[in-house]
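Participant: Show me the folded form of this:
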Amino acid sequence: MRRSGHHPEIEGRFGLRNFVRSASVLSLNSLVSFARAVITAKLFAVTLGPSAVGILAQLLNFSAFVSVIIPLGLTSGVAKMVAEKSRAPRDVSRVVLTASLLAVASALAMGILLAPAAGKISETLTGTSRYGVLVLLIVASFPLYNLASVVSYVLQGLAEVQRLTRANIITAALSVLLLIPLTATYGLTGAMVAVLATSFVQAGIFVLMLSRTYAARAWKFADVRFDRRTARELLAYGGIVLIGGVVLWGSVLTVRTLTVRVLGESSNGLYQVVFGMSTQYITMFMTWMSAYVFPRVISERHRGKLGELLNSALRANLAIMVPILVVSVALRDPLIRIFYSPAFSAATPLIPIQVLGDYARIIGWSFAVCLFAIGRTRSHLAVIATQSVTWVLLAFLMVPIWGLTAVPVSYAISFLAYPLLGIALVRHWVGAAPDRKSLLLAGLGLACVVGAGAPFYTGLLLAPLMPGVVYLINRHELRAGHNPVASR
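Facilitator: Below is the predicted model of the structure:
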């Protein structure tokens, strides 16, 4: 007998209604982060100018690169282990304590190594050693940022979407309150002091949210010690994540350094506009993929439903992300003028090229996200490494010839690795691949993104097309208002 409200046509899928609802909650953080980015970008553009923005971008890219190394890969592995042990409070607490101690210890060790070389690091990144003090401020922020990162992945593993979002929003708001007066008064130095101060704020807020999560579940964090077996398991996952992160951010840092050395600080500042806009919506996408999709892939990996799950996730991602990409392309010139300044308008032609690379990334990662969840860590690494190495190689070949345009062109070409290699590996290991509907929607999405560049902002007319088509495909589910996967 069929259960009441049960709809076989959506069995095993992420319900579009539930997906969009959870993505909307998580996107509140991204919207706040976007608002923060807008404020800070405008602040930096007006206060510092293109050259100083290029220097700031180099320092922050260095921070991001090192921030990938010092957690020892304790990111997705923490979320995976917590998701698997979410019904055993003591096991979760053991993961929390062990991962936190490892993260803080590794950050302190990295600080001891990097502090004496601050001047040399500054010279390598910018061509001068005068920014060594700013490098020291960044290094001092690592331990608490590392701790906050571990706690955020614990919240992801526990599917605490609302508390995770709340913590990120509060942190973003307070960071802006610190950044504005410090940067306006002290320039680059003030911006780096704000980075250090925000590390204290972020760590305190995330620890508070974790304690509230424990209280809501009537869990107690007691009689738990550092566990060597848990540490070995975390580091085993972490090794792959660490290598992937080093390769990913290493490629960013390498290409940006190449841009500075070959084309100059001002060109790097122009590309920061393109990369910054791209990072905002890709961060939003990756946030709900890791906090909403990833834990559910782990829970469903043994039930033979991955194909349906990943296809429905892809369709939901297209419904949400294609309009964002269309708006980014169609309004690229006014967005730059509003959020940065007319001095950065030379970056306008670069945005559509970057967006094409991001579209390929969204298509590919909607499937490749499952590789780590099912334990195919080498395949997960292969996808990331192929893209990163391709970007660096193409940039070295193309930038001296084509100039700044070569940076987003090489970026876009390199991200073809995500759909081509990523989907091929998923098909090989679990037999899942985009179905006919998903392929047709992906083609439609590509047409929308390309067509968004039409003159006189007419490309905006394409923004509602993808959500409308996905709605028609999923209208039975939306009328039912029921997600069988979530309710089982």
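
Participant: Please tell me I have it right and Arg166 contacts Met209.
Facilitator: Yes. The criterion here is CB atoms under 8 Å, and Arg166 meets it with Met209 at 6.6 Å. Quick note: C-beta positions are derived from backbone N, CA and C, even for glycine.

Participant: Once you drop chain neighbours, what's closest to Phe62?
Facilitator: Leu125 (5.7 Å; CB to CB, 6 or more residues apart in numbering).

Participant: got a pLDDT number for the one you found?
Facilitator: The pLDDT attached to Leu125 in the predicted structure is 83.

Participant: Within its local environment, how many residues does it see?
Facilitator: 20 (other CB atoms under 10 Å).

Participant: what's near enough to touch it?
Facilitator: 58-59, 62, 131, 257, 260 (CB atoms under 8 Å, 6 or more residues apart in numbering).

Participant: Now the two most distant members of those residues.
Facilitator: Tyr131 and Thr257 (14.0 Å; CB to CB).

Participant: In terms of neighbours, single out the busier of those two.
Facilitator: A direct count of neighbours by other CB under 10 Å for Tyr131 and Thr257 places Tyr131 higher, at 24 against 18.

Participant: Now the more buried one. Nearest residue, chain neighbours left out?
Facilitator: Ser122 (4.1 Å).

Participant: in what helix or strand does the one you found lie?
Facilitator: Element membership of Ser122 [criterion: DSSP states H and E] is helix 118-126.

Participant: Quick check: buried residues in that helix?
Facilitator: Buried positions in helix 118-126, judged by neighbour count with 16 or more other CB atoms under 10 Å: 118-119, 121-122, 125-126.

Participant: Can you get me a residue count around Val369?
Facilitator: 21.

Participant: for the one 10 residues further on, same thing?
Facilitator: By other CB under 10 Å, 21 other residues sit near Ser379.

Participant: so what's it up against?
Facilitator: Residues in contact with Ser379 (CB under 8 Å, 6+ apart) are 371, 425, 429.

Participant: Now list the buried members of those residues.
Facilitator: Judged by 16+ other CB under 10 Å, buried ones among these: 371, 425.

Participant: where along the stretch 101-250 of the chain do the helices fall?
Facilitator: Listed in chain order, the helices found in the stretch 101-250 of the chain under DSSP state H, counting those that start in this stretch are 118-126, 132-157, 161-216, 228-263.

Participant: roughly how far is the longest one from the heart of the chain?
Facilitator: Looking back up the chat, that one is helix 161-216. How far helix 161-216 lies from its chain's middle: 18 Å, per CA atoms, centre = their mean, to the nearest Å.

Participant: and what of stretch 329-341?
Facilitator: Relative to its chain's centre, stretch 329-341 lies at 22 Å (CA atoms, centre = their mean).

Participant: again, but for stretch 269-280
Facilitator: 14 Å.

Participant: again, but for stretch 299-317
Facilitator: Per CA atoms, centre = their mean, the centroid offset for stretch 299-317 relative to its chain is 20 Å.

Participant: Same check on stretch 137-146?
Facilitator: That offset, for stretch 137-146, works out to 19 Å (CA atoms, centre = their mean).

Participant: Could you break this protein into its assigned domains?
Facilitator: Per the record, the chain has its domains at 48-246, 264-488, by automatic domain parsing.

Participant: before we move on, the earlier item: measure the residue nearest to Tyr131 to Leu188 for me?
Facilitator: In this view, Ser122 and Leu188 are 11 Å apart by CB to CB, to the nearest Å.

Participant: Now do the shared contacts for those two.
Facilitator: 131, 134.

Participant: Quick check: which element contains the most centrally placed residue in the chain?
Facilitator: In the chain, the centroid-proximal residue (CA atoms, centre = their mean) is Thr283; its distance is 3.5 Å. Thr283 belongs to helix 265-288 when assigned by DSSP H and E.

Participant: From the contact counts, what lies against that helix?
Facilitator: Using 3 or more CB pairs under 8 Å, 6 or more residues apart in numbering; DSSP states H and E, the elements in contact with helix 265-288 are helix 16-47, helix 49-69, helix 228-263, helix 306-330, helix 332-339, helix 351-368, helix 406-414.

Participant: Determine the next helix or strand in the C-terminal direction from that helix.
Facilitator: Trace forward from helix 265-288 with DSSP H and E and the next one is helix 294-300.

Participant: now for that following helix, which elements pack on it?
Facilitator: helix 76-84, helix 132-157, helix 306-330, helix 370-373.

Participant: 10 Å instead?
Facilitator: For helix 294-300, the elements it packs on are helix 76-84, helix 132-157, helix 306-330, helix 370-373, helix 484-487, judged by 3 or more CB pairs under 10 Å, 6 or more residues apart in numbering; DSSP states H and E.

Participant: for the closest residue to Val252 other than its chain neighbours, what are its contacts?
Facilitator: Distances taken as CB to CB, 6+ apart place Asn61 nearest to Val252, at 5.9 Å, with adjacent residues excluded. Contacts for Asn61 were tallied using CB atoms under 10 Å, 6 or more residues apart in numbering; they are 125, 249, 252-257, 268, 272, 275.

Participant: Turn those into JSON lines, including distance to Ala105.
Facilitator: As requested, the contacts of Asn61 are exported to JSON lines (distance: CB to CB, whole Å):
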{"residue": "Leu125", "distance to Ala105": "26"}
{"residue": "Trp249", "distance to Ala105": "21"}
{"residue": "Val252", "distance to Ala105": "26"}
{"residue": "Leu253", "distance to Ala105": "24"}
{"residue": "Thr254", "distance to Ala105": "28"}
{"residue": "Val255", "distance to Ala105": "31"}
{"residue": "Arg256", "distance to Ala105": "30"}
{"residue": "Thr257", "distance to Ala105": "29"}
{"residue": "Asn268", "distance to Ala105": "34"}
{"residue": "Gln272", "distance to Ala105": "33"}
{"residue": "Phe275", "distance to Ala105": "32"}
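
Participant: Can you tell me which of those residues lies closest to Leu381?
Facilitator: For the contacts of Asn61, the nearest to Leu381 is Trp249 (14.1 Å; CB to CB).

Participant: What number of residues are in the vicinity of the residue nearest to the closest one when sequence neighbours are not counted?
Facilitator: What sits nearest to Trp249 in space, not counting adjacent residues and going by CB to CB, 6+ apart, is Phe65, at 4.2 Å. Neighbourhood size, Phe65 [other CB under 10 Å]: 19.

Participant: What about the closest residue to Pro400 other than its chain neighbours, how many residues nearby?
Facilitator: Spatial nearest neighbour of Pro400, excluding adjacent residues (CB to CB, 6+ apart): Val262 at 5.9 Å. Residues contacting Val262 under the criterion other CB under 10 Å number 16.

Participant: And Val262, how far from Leu196?
Facilitator: 32 Å.

Participant: Kindly report the same for Ser312.
Facilitator: 43 Å.

Participant: Repeat that for Met110.
Facilitator: 15 Å.

Participant: what do you get for Thr283?
Facilitator: 22 Å.

Participant: For stretch 334-348, buried residues please.
Facilitator: Quick answer for stretch 334-348 (16+ other CB under 10 Å): 335-336, 339-341, 343-344, 347-348.

Participant: I meant to write stretch 127-144 there.
Facilitator: 131-132, 134-144.

Participant: Just the C-alpha atoms of it, please, in PDB.
Facilitator: Extracted C-alpha coordinates of stretch 127-144, given in PDB (Å, rounded to 0.1, in the frame of the first residue of the first chain):
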ATOM      1  CA  GLY A 127      58.400  42.700  -4.600                       C
ATOM      2  CA  THR A 128      59.200  44.600  -1.400                       C
ATOM      3  CA  SER A 129      59.800  43.600   2.300                       C
ATOM      4  CA  ARG A 130      58.000  46.600   3.700                       C
ATOM      5  CA  TYR A 131      54.800  44.700   4.300                       C
ATOM      6  CA  GLY A 132      56.500  42.200   6.700                       C
ATOM      7  CA  VAL A 133      54.500  43.600   9.700                       C
ATOM      8  CA  LEU A 134      51.300  42.900   7.800                       C
ATOM      9  CA  VAL A 135      52.300  39.300   7.200                       C
ATOM     10  CA  LEU A 136      52.900  39.000  11.000                       C
ATOM     11  CA  LEU A 137      49.400  40.200  11.700                       C
ATOM     12  CA  ILE A 138      48.000  37.600   9.400                       C
ATOM     13  CA  VAL A 139      50.100  34.800  10.900                       C
ATOM     14  CA  ALA A 140      48.900  35.800  14.400                       C
ATOM     15  CA  SER A 141      45.300  35.300  13.400                       C
ATOM     16  CA  PHE A 142      45.700  31.700  12.300                       C
ATOM     17  CA  PRO A 143      45.100  29.700  15.600                       C
ATOM     18  CA  LEU A 144      41.700  31.100  16.300                       C
END
